[in-house]
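Trainee: Make a model of this:
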Amino acid sequence: MTIDTLQLAWRDPAEHWEEAVPIGDGLLGAMVFGGAGGRYQVNDATVWSGAPDTPADELRRVLAEGAGPERLQAVRDALATGDLDRAEALLMAFEGRYSQEFLPFVDLFVGIDGAVPAAGEPARVLDIDRAVVEEQLSVGGARVTRVSRIVDRTLIIAIDSDVPIAEVQVRLSTPLRELGRQVADATLALDIAVPIDGAPLHEPSVVPALRYADPGDGTYDGFASAALAVRSDGTTVADDSGLTIRNASKLLIALSSSTRAESWWAGADDEWRSVSHETIRNRARGRALGALDALAESASPVVDDASLRRPAAARFAIGGRREGRWDVDADILRGADDALRATIAAEYGRYLLTSSSHAGGPAANLQGIWNGELRPAWSSNYTININAQMNYWATGPLGLSSQAEPLLALVERIACTGRDVARELYGSRGWVAHHNSDLWGWSLPVGMGHGAPSWAIWMMGGVWLSHSLWDQYEFTSDTALLRDRIWPLLRGATEFCLDWLQVGPDGTAYVAPSTSPENMYRDEDGRARALGLTATMDLELIGALLQRALKAIDTVDAGDPLRGEIISALATIPAPGVGSDGRLREWSADVDDYEPGHRHLSPLIGLHPLDLITPDATPELAEAARRFLDARGPGAMGWSWAWKIALRARLGDGDIAADLLQQALTPYDGDARRHGPVDGSEWGGLLPNLFSTHPPFQIDGNLGFPAAIAELLLQSHEGRIHLLPALPTAWPGGHVTGLHARGAIAVDITWSDGRLGEAVLHNPHTTPREVRVRYGGADFDVRIPAGRQAIVTNPPQQSTPGTDEGARAITVRNS
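Mentor: Reported below is the predicted structural model:
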């Protein structure tokens, strides 16, 4: 049988979480273990510890303990005199406690009596294009198929057997506090309490680590419900332990959820304040039953229903191969086909993105939508000094801008609390965020008064998030979205930047306090320091935001009085500095590295994802960035590898990028739960389920890979569409469809023998578009009629790209 989709196959059921297969729809996520026990570890995207008022309550506490504008001025005075120890001590008062935790929800077990893996079949197959997991089992020699998928916040499991199965046991439990069970008519509802507070692993002094609300004390009660329903051609017996189905050959199971936090996130008339346990339970039960009703009307309800397919997006076939069934261990983890492995990295990352982010739901967090631990690494929160942003780098280039809506919704919530923090803590206009956030829009610094300034004291989180929103606008050209939702957020972040900038006696801008995320330098005495100098990254983020704010004003608000302030401030911001060793400086002076192989590449943000540094416009800075990368070395963990690959793509270093990608795709055989060293001395890799590990697992590596791979094949940040800007020699042929350039132009590319064959540019607009296209160093103009396409062809002849002869070889026609 010909397989016309991309499928990943695992030979055995999972014993450990890192071997389970992820499925999800951005609202509900599950890890599929498979086998006779049929375990599903399930997450709801809104099950977080904490409460809507947690950020405001913590701001009041921090202010009461002495933080505020006067103390900020004392910090700046100490920095001005070089008293870094005093500045550090003063800053501790600005630290709140911590952002909250993304928590596991329930465990579902669908045990099939007497089942064993079917002979000659993989234990589990993930169809990436249909977002389903299929298992072939055998019971007494009879074939049993179990198919699982998630759609509309409901986990759907279909079991089909050649003969009736003696018994299928369906059990539901929770690692959280169970409040009660409701059993009726082949349904089971589980009422669950969600903690009011959850401390991260790095705060062991907080006891208890998970704290639940006391009934009747007036605090927020974060309750939730999970409900499952069953339909079959057998008989169902229900009791408090679960549901038992006997003598069924066809069986449908639906598990859904509802939470009080879901009502808060939706923001509908403060319904969350009055919503009851019963309402939440009925909502979950109604979703499960509704899913079964809808599926009963479909001839092939789980696998082939076209309405359940994922949104259209880029498709990669690097090396020409994509469709087929690929053995995860033999073909990917330990395979020798680099082009195929690159294809799988791009496709799996795209799959995980569409599975963990969906309009109407929360943004993908550090682990996407999958977490099985009550104390997850770094709280499985939103780390906004790169990780949350990287989660969404691929949305524009892969044509998935609609999947970025949850990030926009998150930033709106962060800005809401961040306005109070900016005003009360710093005496500033606009809004601010630091390096952590959560479902509730946390925007304070974290650290509990003892967090190291290198990670706790960084005021640019909201600024970087604002750049992510600008990217969303540039890739969609959605002026209404810019006007109504994005520009108000960018404007607030711009106001904060204008107030945060300091100007020295020489008229040059600087930032104080300033840190380079999670990194330090050595002072003259050899001590590790985070404060005392202006981080290059801060000025790059601020300068680029001011430039983009001017563009936004020109587009949607020409009379905005902020224009004059922005223009004046831009004139004070210096270009990034180059050190005596030829490297781009990380700080405003030449200093020695504390960690030469540090994982963060913060001063290179101007190269990627920003567009301040390019080989054409700023060749000296581009070369300094290359030397910086060279000095950092190849070692990394998932997300750092993804960033390095994207940076190399911007520099045109395709072969180095391809080598980095293959390093990132090597199997990690160590302890997946252990927190590995973060100094670059140990590399991460891929876990058995292809999750990228730090270690431990973080989703940003997986989600960053397709964005970085797309940069090797198409770039559009310089006002032109650059075809195959950094094609690795290891990828001599292939094709990709549905990549997107800024301006909402979709691009399909085919290449062979390392040369462009054809590029098709699609114009979705109602007016013609004139675009500048580059290939091989030669630029040419292409006109694309409204709603039509232009086809760029490079004949297979002996011509050198980048020369007049090569430029003449290119032909363009409309279709």
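Trainee: Please count neighbours and contacts with C-alpha atoms only from this point.
Mentor: Noted.
Trainee: And what about Gly50, helix, strand or coil?
Mentor: Secondary structure for Gly50, judged by DSSP: H, G, I helix; E, B strand; the rest coil, is coil.
Trainee: Phi, psi for it please.
Mentor: Dihedral pair for Gly50: phi 100, psi -170, per degrees, to the nearest 10.
Trainee: Pull the contacting residues for it.
Mentor: Shown in contact with Gly50 (C-alpha atoms under 8 Å, 6 or more residues apart in numbering): Gln100, Glu101, Pro195, Ile196, Asp197, Gly198, Gly222, Trp440.
Trainee: how near is the second one to Arg522?
Mentor: By that I understand Glu101. Separation of Glu101 from Arg522 (C-alpha to C-alpha, to the nearest Å): 34 Å.
Trainee: Of the two, which one has the most company?
Mentor: Comparing Glu101 with Arg522 by other C-alpha atoms under 10 Å, the one with more neighbours is Glu101, at 28 against 15.
Trainee: What sits closest to the more buried one if chain neighbours are left out?
Mentor: Ser379 (4.5 Å; C-alpha to C-alpha, 6 or more residues apart in numbering).
Trainee: Give me the pLDDT for Gly526.
Mentor: We have a pLDDT of 95 for Gly526.
Trainee: brain fart, Ala807
Mentor: Reported pLDDT for Ala807: 54.
Trainee: cool, and Asp669?
Mentor: pLDDT, Asp669: 86.
Trainee: Okay, and it sits in which element?
Mentor: Assigned by DSSP states H and E, Asp669 falls within no helix or strand.
Trainee: tally of neighbours for the residue nearest to it when sequence neighbours are not counted?
Mentor: For Asp669, ignoring the flanking residues on the chain, the nearest one in space by C-alpha to C-alpha, 6+ apart is Leu687 at 7.5 Å. Using other C-alpha under 10 Å, Leu687 is surrounded by 23 other residues.
Trainee: is it true that Leu687 touches Ala20?
Mentor: No: with contacts counted by C-alpha atoms under 8 Å, Leu687 stays clear of Ala20, the gap being 10.1 Å.
Trainee: Which parts of the stretch 601-750 of the chain are helices?
Mentor: Using DSSP state H, counting those that start in this stretch, the helices of the stretch 601-750 of the chain run over residues 619-632, 638-651, 654-664, 699-713.
Trainee: Now render these as a markdown table, adding mean pLDDT.
Mentor: Listed next are those as a markdown table, based on pLDDT from 0 to 100:
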| stretch | mean pLDDT |
| --- | --- |
| helix 619-632 | 98 |
| helix 638-651 | 97 |
| helix 654-664 | 97 |
| helix 699-713 | 98 |
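Trainee: winner for burial among those?
Mentor: helix 699-713 (a mean of 28; mean count of other C-alpha atoms under 10 Å).
Trainee: Please tell me how far it is from the chain's geometric centre.
Mentor: 11 Å (C-alpha atoms, centre = their mean, to the nearest Å).
Trainee: For Leu604, see how far away Glu278 is.
Mentor: 52 Å.
Trainee: Please read off the pLDDT at the residue nearest to Asp669 from the model.
Mentor: 97.
Trainee: can you check Ser815 too?
Mentor: Per the predicted model, pLDDT is 73 at Ser815.
Trainee: residues contacting it?
Mentor: Ser815 touches Arg788, Gln789, Ala790, Ile791, counting by C-alpha under 8 Å, 6+ apart.
Trainee: what does the average pLDDT come to for stretch 433-443?
Mentor: The model assigns stretch 433-443 a mean pLDDT of 98.
Trainee: circling back to that earlier point, next, give me the two most distant ones among the contacts of Ser815.
Mentor: Arg788 and Ile791 (10.2 Å; C-alpha to C-alpha).
Trainee: Assess the claim that Leu63 and Tyr426 are in contact.
Mentor: No: with contacts counted by C-alpha under 8 Å, Leu63 stays clear of Tyr426, the gap being 10.7 Å.
Trainee: neighbour-wise, which of these two wins?
Mentor: Tyr426 (21 against 16).
Trainee: Next one: the closest residue to that one other than its chain neighbours relative to Gln502, how far apart?
Mentor: Distances taken as C-alpha to C-alpha, 6+ apart put Pro69 closest to Tyr426, at 4.7 Å, once the chain neighbours are dropped. Pro69 sits 15 Å away from Gln502, going by C-alpha to C-alpha.
Trainee: Between Glu278 and Leu604, which has more neighbouring residues?
Mentor: More neighbours surround Leu604 than the other of Glu278 and Leu604, with 29 against 12 (other C-alpha under 10 Å).
Trainee: quick check: mean pLDDT across stretch 466-477?
Mentor: Mean predicted confidence for stretch 466-477 is 98.
Trainee: got a list of contacts for that stretch?
Mentor: 389, 392-393, 395-397, 401, 404, 408, 479, 481-482, 486, 489-490, 493, 545, 548, 740-744.
Trainee: average model confidence for the strand or helix carrying Glu412?
Mentor: Following DSSP H and E, one finds Glu412 within helix 405-426. For helix 405-426, mean pLDDT is 98.
Trainee: List the pairing partners of the helix or strand following that helix within its sheet, with orientation.
Mentor: Next in sequence after helix 405-426, counting helices and strands by DSSP H and E, comes strand 436-437. Next to strand 436-437 in the sheet, as set by DSSP bridges, lie strand 382-383 (antiparallel).
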